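Q: here is a sequence together with a model predicted from it:
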Amino acid sequence: MRKTMTVLVVALVAVAFLAGLTLAAPTGDAKAWVKKAVEYYKEYGKTKALAEFNNPKGQFVKDDLYIYVLDLNGKMLAHPKSSLVGLDFTKIKDPNGKLFAVDIVNDARANGSGWITYKWEHPTTKKPAPKTVYFEKVGDVVICSGVYTK
């Protein structure tokens with residue numbers, strides 16, 4: 001009986017560990033999500049794309065993976081959380097004081113695309129969590145998506 005309980009406990013711990021590993025999407029998902037959004041933007045144009053990216057029930061929101069868009073001055077043009085749209089993100093710091101939107105815009109201008117990590121409120125836990133974001137410059141906007149990491 002004791003051996004059976006030990007095996008059961010070990011199995012439950014292993015399942016819990018593996019479940020924890022799958023809580024956040026892999027970073028490749030963020031890049032693929034941005035690539036999909038870039039194609040949508042190019043096919044349907046800026047107005048329709050921004051409307052779709054702003055839709056919290058739209059095709060570019062899935063669990064904790066979503067698209068957001070900054071203009072080249074750091075203004076939020078699209079985000080599924082409507083209260084963020086229109087804000088100047090160059091003034092917004094993460095909990096560690098990082099001006100992440102400034103870094104995103106500057107890197108997008110210089111290189112066209114890239115990766116950045118900063119802390120942001122996790123949509124499920126509502127607590128700051130590390131987030132790794134992939135972004136691409138398309139015309140006069142920067143399309144971004146990220147995954148929460150541990």
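A: That came through fine. Numbering: from 1, shown residues only.
Q: what about the helices in the protein?
A: 2-21, 27-44, 46-54, 100-111 (DSSP state H).
Q: isn't Lys150 up against Pro130?
A: Yes. The pair Lys150 / Pro130 is scored as a contact, 7.1 Å apart, by C-beta atoms under 8 Å. In short, each C-beta sits where N, CA and C put it, glycine included.
Q: comparing the helices of the chain by mean pLDDT, which bottoms out?
A: Lowest mean pLDDT within these: helix 2-21, at a mean of 35.
Q: grab the longest strand from this protein for me.
A: strand 128-138 (DSSP state E).
Q: which residues does that strand contact?
A: Residues outside strand 128-138 that contact it (C-beta atoms under 8 Å, 6 or more residues apart in numbering): 27, 30-31, 34-35, 38, 41-42, 72, 94-95, 100, 104, 107-109, 112-122, 142-150.
Q: give me the sheet partners of that strand and which way each runs.
A: For strand 128-138, the pairing partners within the sheet under DSSP bridges are strand 113-121 (antiparallel), strand 141-148 (antiparallel).
Q: could you save those strands as a markdown table and add columns showing mean neighbour count?
A: Shown next, in a markdown table, are those (neighbours: other C-beta atoms under 10 Å):
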| stretch | mean neighbour count |
| --- | --- |
| strand 113-121 | 17 |
| strand 141-148 | 25 |
